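Undergrad: I'd like to go over a predicted model; first the sequence, then the structure.
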Amino acid sequence: MTGDLSKRLLAEAVGTFALTFVGAAAICTDAYSGGQVGLLGIAVAHGLILSIMVTATAHISGAHVNPAVTLAAFLSRAIGLRHAMCYVVVQLIGAVLAGLMLTATFAADVWQPVVLGTPVLGPGVAPGTGIFIEAILTFFLVFTVLQVAMDPRAPRHVYGFAIGLVLTANILVGGPLTGAAVNPARAFGPALASWTWNAHHVYWIGPFLGALIASVVYGALQPAVGNGPDSPDGPDGPEASGGMAA
């Protein structure tokens with residue numbers, strides 16, 4: 001990552017603000033329009049803005065815009081503890097500012113029925129089930145981030161698109177069940193602005209658990225020391241032709 005810490009933190013705040021504002025606004029607009037946006041529209045809005053923000057800020061901060069991603073980056077030794085803690089703080093600040101801006105954008109009778117786009121558990125979904133769902137969906141998101149954005153072996157210039165798509169898919173599947181926040185900041189900002197805390201712990205425990213598992217799996221997929229792409233015995237070395245094709 002390039003630039004000093006203050007620039008990185010500003011990029012993280014802007015990215016998280018954009019994701020939270022556009023994502024929650026799509027839910028409020030759906031309520032305002034009588035359902036014209038729909039689940040697909042809400043999912044696409046989240047996926048598009050994340051893809052754009054990742055592309056716009058990755059060269060500055062790494063474009064985490066999600067405390068769960070920052071946790072995985074820390075566990076994968078891509079970021080130090082002090083910087084990780086600063087990232088999470090500004091991500092939460094960006095999300096809270098977005099929530100407050102949403103209360104100024106939509107009338108109370110529009111956003112109150114959908115609690116300002118705050119993720120909530122669907123009918124019949126218990127908190128334990130919600131944690132399980134959020135953990136699985138966050139695993140998909142964070143694993144994708146680690147594999148396509150943080151792994152030096154991955155092809156460049158496609159990660160924004162891939163990360164946005166996985167969030168879109170997550171919301172299409174999990175939106176009606178948990179809101180598919182997969183991001184503690186995305187849940188926290190509108191929750192604070194609307195003062196909606198129903199089962200809020202789900203949106204911290206689930207994503208952090210999913211991020212932990214994703215970082216473990218990512219680590220297991222890394223090449224062994226002395227067997228990387230540039231090693232004589234690695235995939236590009238003289239013995240590659242005798243190995244199994246991927």
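TA: Cool, got the structure. All values reported here derive from a predicted model rather than from experimental measurement. Numbers count the residues shown, from 1 in each chain.

Undergrad: Average pLDDT for stretch 76-87, rounded please.
TA: The average pLDDT within stretch 76-87 is 95.

Undergrad: Just the CA trace of that stretch, in PDB.
TA: Listed next in PDB are the C-alpha coordinates belonging to stretch 76-87 (Å, rounded to 0.1, in the frame of the first residue of the first chain):
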ATOM      1  CA  SER A  76      -2.600 -13.000   7.300                       C
ATOM      2  CA  ARG A  77       0.200 -10.500   8.300                       C
ATOM      3  CA  ALA A  78      -0.700  -8.100   5.500                       C
ATOM      4  CA  ILE A  79      -1.300  -5.300   8.000                       C
ATOM      5  CA  GLY A  80       0.100  -4.600  11.500                       C
ATOM      6  CA  LEU A  81      -2.000  -4.400  14.700                       C
ATOM      7  CA  ARG A  82      -1.900  -0.600  15.100                       C
ATOM      8  CA  HIS A  83      -2.900   0.100  11.500                       C
ATOM      9  CA  ALA A  84      -5.600  -2.600  11.700                       C
ATOM     10  CA  MET A  85      -7.100  -0.900  14.800                       C
ATOM     11  CA  CYS A  86      -7.000   2.500  13.100                       C
ATOM     12  CA  TYR A  87      -8.700   1.000  10.000                       C
END
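
Undergrad: Show residues contacting it.
TA: The list of residues contacting stretch 76-87 from outside it, by Cβ atoms under 8 Å, 6 or more residues apart in numbering, reads 5, 8-9, 12, 61-62, 64, 67, 70-71, 73-74, 146, 150, 215, 218-219. Bear in mind the C-beta positions are built from the backbone N, C-alpha and C, glycine included.

Undergrad: chain center to it, what's the gap?
TA: From the chain centre to the centre of stretch 76-87 is a distance of 16 Å (Cα atoms, centre = their mean, to the nearest Å).

Undergrad: May I see the PyMOL selection of the buried members of the contacts of stretch 76-87?
TA: Restricted to the buried members of those, where burial is judged by 16 or more other Cβ atoms under 10 Å, the PyMOL selection command reads as follows:
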select buried, resi 8+9+12+61+62+64+67+70+71+73+74+146+150+215+218
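
Undergrad: Spit out the contact partners of residue 172.
TA: For residue 172, the residues meeting the contact criterion (Cβ under 8 Å, 6+ apart) are 39, 40, 43.

Undergrad: quick one, what contacts the nearest residue to the first one once chain neighbours are set aside?
TA: Same thing as residue 39. Beyond its immediate neighbours in the sequence, the residue positioned closest to residue 39 (Cβ to Cβ, 6 or more residues apart in numbering) is residue 175, lying 5.5 Å away. With contacts defined as Cβ under 8 Å, 6+ apart, residue 175 is in contact with 39, 42, 43.

Undergrad: how many neighbours does residue 56 have?
TA: A count of nearby residues for residue 56, using other Cβ atoms under 10 Å, gives 15.

Undergrad: what's the single longest helix in the chain?
TA: In terms of residue count, the longest helix belonging to the chain (DSSP state H) is helix 5-32.

Undergrad: what helices or strands is that one leaning on?
TA: If contacts are counted by 3 or more Cβ pairs under 8 Å, 6 or more residues apart in numbering; DSSP states H and E, helix 5-32 sits against helix 38-61, helix 81-105, helix 108-111, helix 184-194.

Undergrad: returning to what we had before: neighbour-wise, which of the contacts of residue 172 leads?
TA: Ranked by the number of neighbours (other Cβ under 10 Å), the contacts of residue 172 place residue 43 first, at 23 neighbours.
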